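Participant: any chance you can model this:
(one chain, ligands or ions: 3)
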Amino acid sequence: MKSQQYLKHIENQWLALEIGNSRLHWALFVGESLKSTCDTEYLPESVIQQLGNSQTNWGVGSGKKGIFSTFLPLPPASYPLPLFIASVVPKQTALWESYPDVRVMTLDQIPLKNIYPTLGIDRALALWGAGMTWGFPMLVIDGGTALTFTAADAEQTLVGGAILPGVGLQFVSLGQKTGQLPQVKMEEITSLPPRFALNTAEAMQSGVIYTLLAGIKDFIEAWLCLFPDGKIAIKGGDRILLLNYLQTLYPEMASSLIVEPNLIFWGMQKIVMATK
Ligand SMILES: Nc1ncnc2c1ncn2[C@@H]1O[C@H](COP(=O)(O)OP(=O)(O)O)[C@@H](O)[C@H]1O
Ligand SMILES: CC(C)(COP(=O)(O)O)[C@@H](O)C(=O)NCCC(=O)O
Ligand SMILES: [K+]
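Facilitator: Ligands and ions are numbered 1, 2, ... in the order given. Modelled structure (predicted):
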């Protein structure tokens, strides 16, 4: 790659970080194109400090296995890369304050109307990303730590939404807040449980899954009643699990969903590129 071209390539690189309540979600952009994504656990403060140190090459092009050696498959670049953060975990956001080139996304940057001040930046960005990519009216379902519904009308005005414990959180609360219920592990759930279960683990799976799916169906029906031309997108770590079950129970509805894990990154891309 010629040096001029290479420098252009380098200066266009930027990182997007979605800090959720379970994990970190990363995206590497070159200009407006999304090059790669990865999920990691929260990083220890020492690692965060190291990443901000320009000597630290994030693992690309060097023999040493870097933290993101698969994620940043680009030739060694001048670090630190510009980092844009969308976070719903203030304690985690604070750890990144010392990073030399960091910008924390805020609600006022998102052109959605009728936003309320405590709306999650993740919900707003995902809705903006989905609506700007596939059109409004748009309902976004995020199967994350919390399961959220967030909707906007054809005028890009927030209609509103809902928040409830995600799949994982529901099993954690049953396992931790009761005397004798086991901790159901998500990976144990390989198929739809019987609705009327005859053992404890399946009774827990049935309770959580059938009510969540019924709730999703109910919200989708209410959404389509309000906006018959409305679109629906789904993201989040539980999206595949939920989608598989929805396909079994409500195949028509499932096939109409836009499945896109990177909704927030598309929202960030629209905003970052508009300010570049
Ligand atoms: N490797 C993983 N680590 C944690 N949660 C995971 C993982 N893979 C899938 N999940 C599921 O994703 C959900 C968390 O969703 P995610 O969108 O990653 O969280 P966040 O709220 O941090 O954005 C959990 O309920 C869990 O069931
Ligand atoms: C509801 C959420 C915790 C979901 O976050 P996540 O499950 O992705 O970690 C987050 O969107 C949030 O902190 N919202 C603030 C309250 C609101 O949106 O009204
Ligand atoms: K999320």
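
Participant: how many neighbours does the residue of the stretch 101-250 of the chain found nearest ligand 3 have?
Facilitator: Proximity of the stretch 101-250 of the chain to ligand 3 (CB to the ion) peaks at residue 144, 2.9 Å away. From N, CA and C alone the C-beta is placed, and that goes for glycine too. Neighbours of residue 144 under the rule other CB atoms under 10 Å: 27.

Participant: list the contacts of the nearest residue to it once chain neighbours are set aside.
Facilitator: Spatially, and ignoring its direct neighbours in sequence, residue 144 is nearest to residue 236 (4.0 Å; CB to CB, 6 or more residues apart in numbering). Applying CB atoms under 8 Å, 6 or more residues apart in numbering, we find residue 236 in contact with 141, 142, 143, 144, 147, 166, 261.

Participant: cool, residue 99 as well?
Facilitator: Counting by CB under 8 Å, 6+ apart, residue 99 touches 48, 51, 52, 80, 83.

Participant: picking up where we left off before, now, the contacts of residue 236 that are in strands?
Facilitator: Secondary structure from DSSP state E places 141, 142, 143, 147 of these in strands.

Participant: make CSV from those and add distance to residue 133 and pLDDT to it.
Facilitator: Output for the ones in strands among the contacts of residue 236, formatted as CSV (distance: CB to CB, whole Å; pLDDT from 0 to 100):
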residue, distance to residue 133, pLDDT
141, 15, 98
142, 15, 98
143, 19, 98
147, 22, 98
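
Participant: give me the pLDDT for residue 20.
Facilitator: pLDDT, residue 20: 98.

Participant: hang on, the earlier thing: looking at the contacts of residue 99, which is nearest residue 247?
Facilitator: Ranked by distance to residue 247 (CB to CB), the contacts of residue 99 are led by residue 83 at 36.9 Å.

Participant: near ligand 1, which residues of the protein? Just list them.
Facilitator: By the rule CB under 6 Å from any ligand atom, the part of the chain lying against ligand 1 is 20-23, 144-145, 166-168, 186, 236-238.

Participant: on that earlier part again, buried ones among the contacts of residue 236?
Facilitator: 141, 142, 143, 144, 147, 166 (16 or more other CB atoms under 10 Å).

Participant: my guess is residue 16 meets residue 24, correct?
Facilitator: No: judged on CB atoms under 8 Å, residue 16 makes no contact with residue 24 at a distance of 10.9 Å.

Participant: more neighbours: the two, which one.
Facilitator: Set side by side, residue 16 and residue 24 show more neighbours around residue 16, with 26 against 18, by other CB under 10 Å.

Participant: contacts only, for the residue nearest to the more buried one when sequence neighbours are not counted.
Facilitator: Nearest residue to residue 16 in three dimensions, chain neighbours excluded: residue 27, at 4.2 Å (CB to CB, 6+ apart). If you count contacts by CB under 8 Å, 6+ apart, residue 27 has them with 15, 16, 17, 18, 34, 36, 37, 262, 265, 268.

Participant: give me the element residue 15 is part of.
Facilitator: strand 13-19 (DSSP states H and E).

Participant: relative to the helix or strand just after that strand, what are the paired strands and their orientations?
Facilitator: Sequence-wise, the next helix or strand downstream of strand 13-19 (DSSP H and E) is strand 24-30. Sheet pairing for strand 24-30, assigned by DSSP bridges, gives strand 13-19 (antiparallel), strand 33-40 (antiparallel).

Participant: return the member of the contacts of residue 236 nearest to ligand 2.
Facilitator: Closest approach to ligand 2 among the contacts of residue 236 (CB to the nearest ligand atom): residue 144, at 3.3 Å.

Participant: ok, that closest one touching residue 18?
Facilitator: No: applying CB under 8 Å, one finds residue 144 not in contact with residue 18, separated by 9.6 Å.

Participant: anything in contact with each of these two?
Facilitator: By CB under 8 Å, 6+ apart, residue 144 and residue 18 have these common neighbours: residue 122.

Participant: all strands of the stretch 151-276 of the chain, in order?
Facilitator: Taking DSSP state E, counting those that start in this stretch, the strands of the stretch 151-276 of the chain run over residues 158-165, 231-235, 258-259.

Participant: now tabulate those strands in a markdown table and tack on mean neighbour count.
Facilitator: Listed next are the strands of the stretch 151-276 of the chain as a markdown table, based on neighbours: other CB atoms under 10 Å:
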| stretch | mean neighbour count |
| --- | --- |
| strand 158-165 | 15 |
| strand 231-235 | 23 |
| strand 258-259 | 14 |
